[in-house]
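> Attaching a predicted model along with its sequence, questions to come.
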Amino acid sequence: MMNKYSLRIVFTAFTLLLLSCGGGHQKKETHDSEPLKKSPNVVIVVTDDQGYGDFGFTGNPAINTPTIDQLSKEGTLLNNFHVDPTCAPTRAALMTGRYSDRVGVWHTVQGRNMLRKRETTMADVFGANGYATGLFGKWHLGDCYPYRPEDRGFQHTVYHKAGGVGQAPDYWGNDYFDDTYIVNGKHQRFEGFCTDVWFNEGMNFIKDNKDKPFFAYISLNAPHIPLYCPEEYVTPYKDDPRVSSPEFYGMITNIDDNLARLMEMLETEGVADNTILVFMTDNGTASGIIDGRGYDAGMRGKKNSEYEGGHRVPFIIRWPDGNIEEGKSIEDLTAHIDILPTLVDLCGLKAPETEYDGSSIRELLYSEASEWPKRSLVVESQRVVDPIKWRKSVVMYDRWRLVNGEELFQLDKDPKQSIDIAEENPEVFEQLRGEYNKFWDDVSREHDLTSYMVIGSDRSPIVSLSSHDWLIDRLPPWNQGHIINGEVAEESFWAIEVEYEGTYEISLRRWPVEADKGINDGTYGKAFNYKKALMRIGDFDKTVDIPEGAKEVTFKVDLKKGVTKLSPMFIGPDLTATPYYAYVTHKPKPGWQTPEGMGIPVYDPSYGRVPPQKKQINISE
């Protein structure tokens, strides 16, 4: 097996120097061209919840994606390319070249979406080699220091928080239209549809940095739910029985139009030929198949599925100056973990001596690679706090698929994975089970590690915590203060690392600060009758009354350096619950816990297109 299942990461003392691509990418004699003198630019466009069958070039008869279809002809298609079945794990593997299980990202919430601090990202590598680096759109690998994109190598960032627009950590009231996003750490309101904004900002970044090598990561949240889309893109798909959702298809066509704008801009700015342009998606379709409508490309499974439709997605790479072949389709097994080592290879980058789980596929790109060794790869969809062996897993080897350690399929004979042939092929079955056991024995050694959100750093004077990152404890029966109706209660908490010993202030809220509503206010949801607020962190345990109409309750606490749990509660006569939001600072100023004190604009319900009564806290994705 080619992959090295080793947890050891060796970081040597090194100075990363910018190399020209001519030094890293030696052209084969079969390519009649001169070595490149300038490092190539890199643009990666990733869509969210768009599956293999959600394109015209893969056979969907109803969808309109002419630009992506054309790109598949202008570049090389990895046609047996695999990702994790959900978004954050895929993005973690893409950014690191390492299995998502290894880097701490096997879920989309509950702290298991935070990319471990020790990991070196794609942006780290490009930045250290003299590239300008920018992220536009969805990050989903941590919203708090030190997991934010600006902490992980991206020099310029424009993004929404969490895994989707409108989820708990995101700016309150965002609904894809006229939203407020984070720009280099500060909130800024934009006009227009979210996908248009991400491409606009990405293109501005490229124009500003066209005279030096750049890495632009345009990481979209569309066509992820909620299915909101400009009406002009929805209308053409209405009343078409082949269409699963007009809004979903409309968002995809909008992406296609934006990709056309991006490619035209690259041409206009004179950088298209020496730009490695990548298009891919992050998992199988989420909304492309509904009640029998839609196109499954002949595969079983959707998003979150261990079957082929959950993790096989298209990957297109175009680089004219690099002689990436036009119209080529590579059928060898490839995956998200291959992309960082491949880009390091193509661009001639110096990188730390990290043990990648993936491999450079340069040889596949530049030859038929008939001697390319076959290997096994594993993807999973754990989506639990503590991973479970074999859970929603697939081991892939050539055309074989071992699903959940129980079912065996041969795709060239059974692409729909409808006939389990494990009994007829015991040797293959046991071989692939053995490969999974190697994988599991390796990555599971550190499944007990927790990624802690850091407070007390000057790089993040105010830390915003939300229900998205709750972890859950079950309270013991002897803890009588938190027994509800005679039952053992579940307690949510945030995993915190205190960077410096000292005095901190912690503000508890039901609504985010920008909503600017009272703890018991029912404007955007059910009104409650909380009477007391409980603060517990470290050795601190105190309960105070909630003043009438209070929007927040602030506690001053002395904390020691180290890891701890922040486990506050709002307490009422008929309900005890963890606050949805908490804000922490080690540098309090008068009024710091207000929107003005945090520099966050108060939400205006007139923004966007969805009635404020329908805005809901969503921690499910």
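Looks like it arrived, so ask away.
> Please identify the helix or strand for D473.
strand 471-474 (DSSP states H and E).
> Okay, buried residues for that strand please.
By neighbour count with 16 or more other CB atoms under 10 Å, strand 471-474 contains the buried residues L471. Where you see a C-beta, it was placed from the backbone N, CA and C, and this is true even at glycine.
> Neighbouring strands of it in the sheet, and parallel or not?
strand 490-498 (antiparallel) (DSSP bridges).
> Can you name the element that comes right after the partner strand?
Assigned by DSSP H and E, the successor of strand 490-498 is strand 502-509.
> list the helices and strands that next one packs on?
Helices and strands touching strand 502-509, as assessed by 3 or more CB pairs under 8 Å, 6 or more residues apart in numbering; DSSP states H and E, comprise strand 532-537, strand 553-559, strand 581-585.
> hey, where'd the strands end up in the stretch 101-250 of the chain?
Secondary structure of the stretch 101-250 of the chain (DSSP state E, counting those that start in this stretch): strands at 132-138, 156-160, 180-183, 186-189, 214-219.
> Low-confidence ranges, the chain, go.
Low-confidence segments of the chain, defined by pLDDT under 70: 1-37, 369, 474-490, 608-621.
> Select the longest helix from the chain.
In terms of residue count, the longest helix belonging to the chain (DSSP state H) is helix 246-268.
> What are the buried residues along that helix?
246-260, 262-263, 265-266.
> Same question for stretch 112-123.
Buried residues in stretch 112-123 (16+ other CB under 10 Å): R112, N113, M114, L115, R116, E119, T120, T121, M122, A123.
> of all those, which comes closest to I316?
Proximity of those to I316 (CB to CB) peaks at M122, which lies at 17.8 Å.
> what about the closest one, distance to E150?
According to CB to CB, to the nearest Å, M122 stands 15 Å off from E150.
> same deal with K565?
Taking CB to CB, one finds K565 at 26 Å from E150.
> neighbour count winner among those two?
E150 (20 against 15; other CB atoms under 10 Å).
> which residue packs closest to that one, ignoring adjacent ones?
Once flanking residues are discounted, E150 sits nearest to T157: 5.2 Å by CB to CB, 6 or more residues apart in numbering.
> quick one: which of the strands of the stretch 101-250 of the chain is nearest Y500?
strand 186-189 (24.1 Å).
> picking that back up, can I get the strands of the stretch 101-250 of the chain in a markdown table with distance to F570?
Formatted as a markdown table, these follow (distance: least, CB to CB, whole Å):
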| stretch | distance to F570 |
| --- | --- |
| strand 132-138 | 31 |
| strand 156-160 | 27 |
| strand 180-183 | 26 |
| strand 186-189 | 26 |
| strand 214-219 | 35 |
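> In the stretch 251-400 of the chain, mark out all the strands, start to finish.
Under DSSP E, counting those that start in this stretch, the stretch 251-400 of the chain gives strands at 275-281, 289-290, 293-294, 312-318, 328-330, 334-335, 376-380, 393-397, 400-403.
> Count the residues that sit near P341.
20.
> wait, what's in contact with it?
G97, Y356, G358, S359, S360 (CB atoms under 8 Å, 6 or more residues apart in numbering).
> Please tell me which one of those residues counts the most neighbours.
Counting by other CB under 10 Å, top hit in the contacts of P341: G97 with 30 neighbours.
> That one against I361, yeah?
No - taking contacts as CB atoms under 8 Å, G97 lies outside contact range of I361: 11.6 Å.
> how much space is there between L135 and L141?
Distance from L135 to L141, by CB to CB: 10 Å.
> Determine the residues that are contacts of both of those two.
P149.
> Stretch 440-451: which residues count as buried?
For stretch 440-451, by 16+ other CB under 10 Å, it's W440, D442, V443, H447, S451.
> As PDB, could you dump the C-alpha coordinates of that stretch?
Written as PDB, here are the backbone C-alpha positions of stretch 440-451 (Å, rounded to 0.1, in the frame of the first residue of the first chain):
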ATOM      1  CA  TRP A 440      -7.700   2.700  11.600                       C
ATOM      2  CA  ASP A 441      -4.900   1.500  13.900                       C
ATOM      3  CA  ASP A 442      -2.900   4.500  12.700                       C
ATOM      4  CA  VAL A 443      -5.400   7.500  12.700                       C
ATOM      5  CA  SER A 444      -7.300   6.300  15.700                       C
ATOM      6  CA  ARG A 445      -4.400   6.800  18.000                       C
ATOM      7  CA  GLU A 446      -5.200  10.500  18.400                       C
ATOM      8  CA  HIS A 447      -9.000  10.400  18.200                       C
ATOM      9  CA  ASP A 448      -9.100  11.400  21.800                       C
ATOM     10  CA  LEU A 449      -7.400  14.800  21.100                       C
ATOM     11  CA  THR A 450      -9.600  17.900  21.400                       C
ATOM     12  CA  SER A 451      -9.000  21.100  19.600                       C
END
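> what's the offset of that stretch from the middle of its chain?
20 Å (CA atoms, centre = their mean, to the nearest Å).
> quick one on the thing from earlier: could you export the buried residues of stretch 440-451 as JSON lines, including secondary structure?
Formatted as JSON lines, these follow (DSSP: H, G, I helix; E, B strand; the rest coil):
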{"residue": "W440", "secondary structure": "helix"}
{"residue": "D442", "secondary structure": "helix"}
{"residue": "V443", "secondary structure": "helix"}
{"residue": "H447", "secondary structure": "coil"}
{"residue": "S451", "secondary structure": "coil"}
